[in-house]
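Peer 1: Any chance you could fold what I've pasted below:
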Amino acid sequence: MLKKIINKEQKFSFIVLLAIISFISFNVLNKNFFKNLRFDLTNSEVYTLSDGTKKILKSINEPLDFKLFYTKQIGDINPVYQNYYARVQEVLEQYVLLSNNKIKLKIFNPKPFSNEEDKAVEYGLQGAEIMSGVYGYFGLIATNSTDDEEKIIFFQPDRSPFLEYDLSKIVTNLANPNRRTVGLYTDLPMLGTFNPLAKTQDAATAPPWAVYNQMKEFFEIKRVHEKTKSLPEGLNLLMLVHPKSISERLMYTIDQFVLRGGKLLIFIDPNSETESFSPDKNQIEEGSNESNLSQLLNKWGIELVENKVVGDLLSARRVEIGASDQPSVTDYLAWLDIKKDHMDDTHQVTSEVQRLTFATSGFLKNNGNNENINFRRLVWSTTQSMQINADDVRFTPDPTTLLRNFSPSNEELTLAAEIKGNFISNFPDGPPDTGRKDDFDKNEHINESIKPSTLVVVADADMLYDEFWLKYEQSGGVTPIANNADFTVNILEYLNGTEDLIGLRGKGATSTPFTKVEKIQKEAEQRFRAKEQELLEKLRNYENELEDIQKGSGEEKEKTLLTEKEALEIDKFREEMILVRSELRKVQNALRKDIEKLDSTLKFFNIFFVPILLIIISLVLGFIERRKRHQKHIVRETD
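Peer 2: Here you go, the predicted structure:
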């Protein structure tokens, strides 16, 4: 028996020693051999390098120098920066490895009043004040063999989801210093505005849209105007945004551009809400805020359904309505929040996009006028959609009325589409007569495509405006709630024939809503809204009857006093109105409480229930395993 105990003690010591050796060995192996092995459990794989980034890094043909500056005192004061520095360093080391050491990484610690700090200042990096008069730095300088320079003046932790995007953009710009060109025609103030008659400086200027700024990071944008004589030399891609007033001369230029293989990205709109922000808004006539480019698209097989916008119950965005002192929240059917499951995840443009927002969007269809095209939808609505008259949302839309009158068509409506194939000229008789002899050469006119071309058409131009896809925080920060800018640049990359950067976009949208909650919320709201409408109608009837009694009939206009019967009826109606109002408030409160209760319940199941369930399962399995060992021990003792 004593021998057994000694053997057990020796066995236990051996197991402990083996565990210590295994732990040390694992850490040594992990540090030296498994350094780049990691698991990314985030929903949109924020911490996983995309295939596009890997292709970019493998295609580098010249050495690139990366200089990372980080003052360690910043991390001592705020651990958030230390954690983010570790992530930045880790990602950059992956870039070095995947580039076959074409990227050379050097790390500097610019201590206050050091030579490294002088270098950081010389490079133009932004300093963060550590203490009075003392600054720390956390930025990146990258150069190529021809001294082209790209930089990140300060790594902000709240931009962590965009880290790969920012670094790959730097590599792309340095490895391909000759940027591609995009022609841009727009009737919206995308490039910013200036009004010299404004009373204040803030009112005088409006900055360029965020999507335009992002486009400029990757492309050289050349503006195409109404009076542009010819498109820029070597241009392969033209972007048209809300083209409502294109002249016949420019229309012909675009027609011939496409027939020669040029590519188009078109944003048209049955109801442009952002048109009112134009500096020429005083010249805009009511009802003329539509653009459809039907002069070109109809013959090419593409149609924006006239005077209709998409209303989608399951994709409706929640908006605040009512007076400021008594606001209420409801679904606005014409403002859409399209999720991943209603995008073509097999297409390069939308494969990594998570969310898109639209504002009074139209919808597209293949009108059958061109048999030589392939019409492929990229984004579409749910089956819980309906066609809404554009006039109902053009001036003073009422979200509650739209919701009350909602009747689904049970069809998915196309919001964005790609059209590939051959096209026929909209000018079969040759160039239009512009009154200028040297405008066009009739001998160069073509009536059919000389090679296939590609068009991408989006049925909403408002989706490009900042207010519809950016959230402005009280702290002054800006957070994207949707991937509208990523989607736009993805299309431009795709149509330009370079697709490596597409896979890494779409990781920046940080808002991940409970989609099941939203769906059940909308169904619950539909039920309560029906009851609310019934009570409102009843209340209006009481008010009308009360008003009729108080006015009296036409024959009794000369009476100045109410009869006793009329007074009793008035009191009765007033009591009924009070009861109806009370019941209406109960319905509205029930709607809010029902949704809040549902939201809280599902959040509990999503956040707490699964961990609790795992703990219970672990305890049960541990108990079963312990019981098995106990039974084996009993068997041994019996033997």
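Peer 1: CA only for contacts and neighbour counts going forward, please
Peer 2: Noted.
Peer 1: what residue ranges in the stretch 351-500 of the chain score low on pLDDT?
Peer 2: 476, 497-500 (pLDDT under 70).
Peer 1: which residues of it fall in strands?
Peer 2: 355-359, 364-366, 373-380, 385-389, 414-421, 453-458, 470-472, 478-480 (DSSP state E, counting those that start in this stretch).
Peer 1: can you check the stretch 51-200 of the chain too?
Peer 2: 64-70, 103-108, 127-131, 134-143, 149-152, 180-186, 193-194.
Peer 1: Give the buried residues for stretch 59-70.
Peer 2: In terms of neighbour count (16 or more other C-alpha atoms under 10 Å), stretch 59-70 has its buried residues at Ile60, Pro63, Leu64, Asp65, Phe66, Lys67, Leu68, Phe69, Tyr70.
Peer 1: Dump these to a markdown table, plus distance to Ala120 and pLDDT.
Peer 2: What follows is the buried residues of stretch 59-70, written out as a markdown table (distance: C-alpha to C-alpha, whole Å; pLDDT from 0 to 100):
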| residue | distance to Ala120 | pLDDT |
| --- | --- | --- |
| Ile60 | 26 | 90 |
| Pro63 | 22 | 94 |
| Leu64 | 18 | 95 |
| Asp65 | 15 | 96 |
| Phe66 | 13 | 97 |
| Lys67 | 10 | 96 |
| Leu68 | 10 | 97 |
| Phe69 | 7 | 97 |
| Tyr70 | 10 | 96 |
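Peer 1: Endpoint to endpoint, stretch 275-294 covers what distance?
Peer 2: Start-to-end span of stretch 275-294 (C-alpha to C-alpha, to the nearest Å) is 19 Å.
Peer 1: before we move on, the earlier item: among the buried residues of stretch 59-70, which one sits closest to Leu293?
Peer 2: Ile60 (41.3 Å; C-alpha to C-alpha).
Peer 1: where does the stretch 1-150 of the chain have low pLDDT?
Peer 2: 1-19, 22-23, 25-47.
Peer 1: and Thr181, what does it touch?
Peer 2: Phe219, Glu220, Ile221, Lys222, Leu235, Asn236, Leu237 (C-alpha atoms under 8 Å, 6 or more residues apart in numbering).
Peer 1: Could you work out the most separated pair of the buried residues of stretch 59-70?
Peer 2: The largest separation in the buried residues of stretch 59-70, counting by C-alpha to C-alpha, is between Ile60 and Tyr70 at 26.1 Å.
Peer 1: ok so, going back, including distance to Asn484, could the strands of the stretch 51-200 of the chain go into CSV?
Peer 2: Supplementary listing: the strands of the stretch 51-200 of the chain in CSV, determined by distance: least, C-alpha to C-alpha, whole Å:
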stretch, distance to Asn484
strand 64-70, 31
strand 103-108, 32
strand 127-131, 32
strand 134-143, 27
strand 149-152, 23
strand 180-186, 17
strand 193-194, 22
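Peer 1: which among the buried residues of stretch 59-70 gets closest to Leu619?
Peer 2: Tyr70 (45.5 Å).
Peer 1: Against Gly136, how distant is the closest one?
Peer 2: 7 Å.
Peer 1: where do the contact lists of the two overlap?
Peer 2: Counting by C-alpha under 8 Å, 6+ apart, the contacts common to Tyr70 and Gly136 are Pro110.
Peer 1: Return the distance of the closest residue to Leu163 other than its chain neighbours relative to Leu403.
Peer 2: Once flanking residues are discounted, Leu163 sits nearest to Val88: 7.7 Å by C-alpha to C-alpha, 6 or more residues apart in numbering. Counting by C-alpha to C-alpha, the separation of Val88 from Leu403 is 47 Å.
Peer 1: Quick check: which element contains Ile338?
Peer 2: For Ile338, the element it lies in under DSSP states H and E is strand 328-339.
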